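Participant: Here you go, sequence then predicted model.
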Amino acid sequence: MSGALHELSAVELTGVIRRREVSAREALEAHFDRIDAVNGTINAVVTEDREGATALAEAADELTMSGGNLPPLHGLPMTHKDTHNTKGLRTTQGSPVFRDFVPTFDDLIIGRLKQAGVVTTGKTNVPEFAAGAHTFNELFGTTVNPYDTSRSAGGSSGGVAASIAARIQPLGDGSDMGGSLRNPASFCNIVGYRPSIGVVPTVPTRNAWAWLNRNGLMARDVEDIALGMTAIAGADPAVPYAYPVTRSFKASLQLDLAGLRIGWSADFGLGVPVDREVVRVLEGQLQLFTDLGAIVEEAAPDLRGADQVFGTTRAFDFVLGLGDVVRKHGDAIKPEIRWNVEHGLALTAQDMIDAAVARTRLDSSVRRYFGKYDVFVSPTAQVLPFDASERYPTSVNGVEFETYLDWMRSATLISATGLPAVSVPAGFSEDGLPVGLQLVMPHGSDVELLQVAYAFEQATGWAKRAPEL
């Protein structure tokens, strides 16, 4: 069975460890064997701790044999996103200025994963300071797509996504400000889930009131996302936002979609340019919702003002989080980050007022929309996985982009609403490139969102299609 361990889901792998059919040490060996087999091709894992991981796996096996209570992710090997601080393990943020930084603490999401039994094995690649949806940096180079190694794996959680798609691990942690969980999930044919605010608090942080960035999970199937959420979801006193989810992530994922009201839009009601092949693939999947009993209509929430909300909030967050780093290191930091920080420094009081008013209007329009519809469905990404040698796409369908963020509006518009969102595998282009479908529901409807995603996943089976590495 050991030869197939890397193919198992997190639910399956933790199950066989729990039943003593496989040891945590055997699961770890299969994990490292897979890294050795494919990481030279995709460049996803950038730091390893084989000695420390072995000690953790052996301790997990001792706990198994003791007959004690086993945590939900007991013995599961996992690399972590390199922007998440891991105590005693190098965390570079994908930047040369932090090439040797070793934190003395775990970020909350990492601490919760460890408490849940995860065997930490290393770190996965990110764009510098997670800026941009293409995973490359001067320190480790470019992470490529397991489905076509000439293409981007997306970002900023691109190293995690590629690792999961390549069967290095079944589950991984990530973060999402403007699509960093959803975009690489779409590119790599996996699931990327951005929770409601307060579900997975961001601790530590300089701004406890920050709302745009979220920590979440990626996996090859929705069931693994739900399992992982039982471990990392929950309030924390360091963050003032209340925990918004009233249903348990342990709830059944089975849901009858009969009568579910779904609004679909390919252009978000704003004329957002989306690659015609992406639209073709996704429109071919909508009938599945109808077959499951849902009511599908073409309708988008009024997202006017969302660009303003996202742009201003992101700029403010960047200058708060990275302003000191840019001032200290200057041109050693990539230009896209410097641009964001400069934008933040140029913000005026009127800019902040306008963004606050726009956010209030956006919230009202979204609430009205979800008074009529249960789910909003759209493209996750505007483009197919692009040439990995490019920094970012500059146009689609003949429409030229003004900034490096414009090709990500399909994700950033939803980020601006603050709502929970998930990208699920939804098919492949004629050239065999993955396409993701984005599902959005009201704040706090995270369990219901995963249930709808699970119903779609079970009806399609796209997630089972593995890359040929």
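Facilitator: Looks like it came in fine.

Participant: which regions of the protein lie under the pLDDT threshold?
Facilitator: Within the chain, the stretches with pLDDT under 70 are 1-3.

Participant: Next up, the contacts around the residue most central in space within it.
Facilitator: Centroid-nearest residue in the chain, with CA atoms, centre = their mean: Leu181, separated by 1.7 Å. Residues in contact with Leu181 (CB atoms under 8 Å, 6 or more residues apart in numbering) are 157, 174-175, 192-194, 214, 216-218, 423. C-beta here means a position set from N, CA and C on the backbone, and glycine is covered the same way.

Participant: Angles on the backbone of it, please.
Facilitator: phi -100, psi -40 (degrees, to the nearest 10).

Participant: mind putting the contacts of Leu181 in CSV, neighbour count, secondary structure and distance to Asp267 included?
Facilitator: Output for the contacts of Leu181, formatted as CSV (neighbours: other CB atoms under 10 Å; DSSP: H, G, I helix; E, B strand; the rest coil; distance: CB to CB, whole Å):
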residue, neighbour count, secondary structure, distance to Asp267
Ser157, 38, coil, 25
Gly174, 33, strand, 27
Ser175, 23, strand, 27
Gly192, 35, strand, 21
Tyr193, 31, strand, 24
Arg194, 33, strand, 21
Arg214, 26, strand, 25
Gly216, 28, strand, 26
Leu217, 30, strand, 29
Met218, 31, strand, 26
Ser423, 33, strand, 18
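
Participant: farthest pair in those residues?
Facilitator: Pairwise distances across these (CB to CB) peak at 14.4 Å, for the pair Ser175 and Ser423.

Participant: Work out for me the element the closest residue to Gly172 other than its chain neighbours sits within.
Facilitator: Spatial nearest neighbour of Gly172, excluding adjacent residues (CB to CB, 6 or more residues apart in numbering): Val160 at 3.9 Å. For Val160, the host element (DSSP states H and E) is helix 158-165.

Participant: Determine how far that helix lies from the middle of the whole chain.
Facilitator: 10 Å (CA atoms, centre = their mean, to the nearest Å).

Participant: show me where the chain has helices.
Facilitator: Applying DSSP state H to the chain gives helices spanning 10-18, 24-42, 50-66, 108-115, 158-165, 182-188, 222-232, 276-283, 286-291, 306-329, 335-345, 349-372, 409-417, 446-460.

Participant: distance of the residue nearest to the centre of the chain from Arg391?
Facilitator: 21 Å (CB to CB, to the nearest Å).

Participant: and what of Val118?
Facilitator: Using CB to CB, Val118 is found at 33 Å from Arg391.

Participant: go on, Ala210?
Facilitator: 27 Å.

Participant: Also Gly269?
Facilitator: Gly269 is 29 Å from Arg391, by CB to CB.

Participant: of these two, who's got more company?
Facilitator: When Gly269 and Arg391 are compared for neighbours, Gly269 comes out ahead with 18 against 14, by other CB atoms under 10 Å.

Participant: Wait, the more buried one touches Ala306, no?
Facilitator: No: between Gly269 and Ala306 there is no contact under CB atoms under 8 Å: 10.4 Å.

Participant: returning to what we had before: what is the neighbour count of the residue nearest to Gly172?
Facilitator: Per other CB under 10 Å, the neighbour tally for Val160 reads 42.

Participant: Likewise for Arg206?
Facilitator: Arg206: 9 surrounding residues under other CB under 10 Å.

Participant: contacting residues for it?
Facilitator: Neighbour list for Arg206: 320-321 [criterion: CB under 8 Å, 6+ apart].

Participant: try it again with 10 Å
Facilitator: With CB atoms under 10 Å, 6 or more residues apart in numbering as the criterion, the residues that contact Arg206 are 317, 320-321, 324.

Participant: Just the buried subset of those residues, please.
Facilitator: Among the contacts of Arg206, those classed as buried by 16 or more other CB atoms under 10 Å are 317, 321.

Participant: Distance to Gly259 for the contacts of Arg206 - can I get that in a markdown table?
Facilitator: Converted to a markdown table, the contacts of Arg206 look like this (distance: CB to CB, whole Å):
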| residue | distance to Gly259 |
| --- | --- |
| Asp317 | 39 |
| Leu320 | 44 |
| Gly321 | 44 |
| Asp324 | 52 |
